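Asker: All I have is the shape, not the residue letters:
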């Protein structure tokens with residue numbers, strides 16, 4: 001839609017006169033405000049304003065550790081919440097920034113990117129991103145999503161446009177805060193994706209909402225063990241903690257503090273009743289493949305647990321061709337027959353829980369009656 005595919009992937013912004021198919025390049029006619037207008041320090045400059053032309057400077061979304069690191073410093077210095085404003089790259093009919101009220105009794109606003117739909121799609125896909133948590137790096141995937149799917153990708157608490165500004169280290173607190181993202185339209189089904197550090201948080205969210213989450217995907221999951229690149233970055237970041245931008249600082253503290261919380265992930269996976277899919281690149285040097293394999297061994301006895309490796313892929317599966325990632329996610333959607341099996345299993349478990357509770361209530365009365373029964 002709009003730009004040629006090769007330009008859209010590169011994140012380039014085309015130059016266009018006012019009012020002429022403005023939405024195609026994510027631009028606005030004169031007088032209409034957008035994300036960049038509200039963020040004057042953004043990466044978009046307006047040239048020839050006296051002629052009514054809005055001409056953003058073509059700019060690629062950063063890639064790699066050095067480019068993204070520099071973008072963090074630049075955004076922090078200019079007050080931007082995005083490294084490259086999404087509203088400049090995509091029309092709001094395709095990718096739109098939104099916010100929701102946090103759950104768990106917190107007064108925070110949680111920022112996210114979503115795919116607007118006139119009618120609710122049959123499936124809603126919610127993505128809990130990693131550390132640092134930047135939804136904007138999923139924008140090409142959001143833009144490539146078919147019309148019969150919806151996607152919402154969140155900036156987690158303490159990152160990008162989400163509140164609070166402070167570090168939120170407890171993954172249970174984050175899971176509770178993000179719970180409202182799981183709201184669906186009537187008849188709509190939901191798949192929850194946790195990426196990297198977000199995988200453990202997504203697992204907690206799924207375990208707390210088994211009737212809503214129909215499929216759980218742990219994508220390049222970080223499970224308390226760092227690969228060589230992550231170790232090096234966390235080591236450097238820890239030494240420079242007082243000098244690096246907030247998002248990097250919070251990411252370093254999150255990764256360093258996750259191993260002590262891994263038991264919460266294990267407990268959540270034991271409680272989860274929906275299908276669980278682990279997807280991991282064979283060349284992931286941030287979150288080791290071996291750690292994902294060990295986690296899967298804990299749930300391998302389940303018939304609805306699946307492990308898939310992506311040959312030659314690194315940690316950032318969302319950085320590749322969007323269609324490839326969408327195909328991986330599509331394969332994680334349960335078929336109608338399997339959904340019926342899930343519903344029957346949930347119903348059986350609920351009946352068993354109620355019977356157990358009833359037996360616990362009856363047992364004291366039965367013992368008391370037996371004690372007072374006449375002896376014959």
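Answerer: Nice, thanks for sending it over. Bear in mind the structure is a predicted one, so any value in this text is a computation, not a measurement.
Asker: what separates residue 101 from residue 190, distance-wise?
Answerer: 19 Å (C-beta to C-beta, to the nearest Å). The way it works is simple: take the backbone N, C-alpha and C, and place the C-beta from them, glycine included.
Asker: Between these two, which is the more surrounded one?
Answerer: Set residue 101 next to residue 190 and count neighbours by other C-beta atoms under 10 Å: residue 190 wins out with 21 against 11.
Asker: Where does pLDDT dip in the chain?
Answerer: 1-60, 336-350, 353, 365-376 (pLDDT under 70).
Asker: what is the most centrally placed residue in it paired to in the beta sheet?
Answerer: The central residue of the chain, meaning the one whose C-alpha is nearest the mean C-alpha position (C-alpha atoms, centre = their mean), is residue 128 at 1.8 Å. Per DSSP bridges, the residues bridged to residue 128 are residue 154, residue 194.
Asker: Which residue ranges of this structure form strands?
Answerer: For the chain, the strands defined by DSSP state E cover 96-101, 109-114, 123-128, 149-154, 189-195, 213-219, 276-281, 305-310.
Asker: quick one, the second one and strand 96-101 angle?
Answerer: Here strand 109-114 runs at an angle of 150 degrees relative to strand 96-101 (axes from the mean of the first three to the mean of the last three C-alpha atoms, to 10 degrees).
Asker: With adjacent residues omitted, what lies nearest to residue 148?
Answerer: residue 121 (5.4 Å; C-beta to C-beta, 6 or more residues apart in numbering).
Asker: Tell me, how many residues neighbour the one you found?
Answerer: Residue 121 - counted by other C-beta under 10 Å - has 18 other residues nearby.
Asker: what do you get for residue 168?
Answerer: Residues lying near residue 168 (other C-beta under 10 Å) number 20.
Asker: Next: residue 361.
Answerer: Neighbours of residue 361 under the rule other C-beta under 10 Å: 8.
Asker: What separation do you get for it and residue 351?
Answerer: From residue 361 across to residue 351, the span is 16 Å (C-beta to C-beta).
Asker: about what we covered before: format the strands of the chain as TSV; extra columns: distance to residue 74.
Answerer: Shown next, in TSV, are the strands of the chain (distance: least, C-beta to C-beta, whole Å):
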stretch	distance to residue 74
strand 96-101	19
strand 109-114	19
strand 123-128	25
strand 149-154	22
strand 189-195	24
strand 213-219	28
strand 276-281	28
strand 305-310	31
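Asker: Nearest to residue 207, out of those strands?
Answerer: Of all the strands of the chain, strand 213-219 sits nearest to residue 207, with 8.7 Å by C-beta to C-beta.
Asker: Would you mind getting the angle between the closest one and strand 276-281?
Answerer: 20 degrees.
Asker: Other residues contacting strand 213-219?
Answerer: By C-beta atoms under 8 Å, 6 or more residues apart in numbering, the residues outside strand 213-219 that reach it are 182, 189-196, 199, 202-203, 205-206, 272, 274-279, 292, 295, 317, 329, 332-334, 339, 342.
Asker: May I ask you to confirm that residue 104 is in contact with residue 176?
Answerer: Yes: using C-beta atoms under 8 Å, residue 104 is in contact with residue 176, at 3.2 Å.
Asker: Tell me how the protein divides into domains.
Answerer: Domains of the chain are assigned by automatic domain parsing as 1-84, 95-334.
Asker: I'd like those domains laid out as JSON lines, including distance to residue 356.
Answerer: Shown next, in JSON lines, are the domains of the chain (distance: least, C-beta to C-beta, whole Å):
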{"stretch": "domain 1-84", "distance to residue 356": "49"}
{"stretch": "domain 95-334", "distance to residue 356": "16"}
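Asker: How about the contacts made by the closest residue to residue 112 other than its chain neighbours?
Answerer: Spatial nearest neighbour of residue 112, chain neighbours left out: residue 154 (4.4 Å); criterion: C-beta to C-beta, 6+ apart. Contacts for residue 154 were tallied using C-beta under 8 Å, 6+ apart; they are 110, 111, 112, 126, 127, 128, 129, 133, 135, 162, 178, 181.
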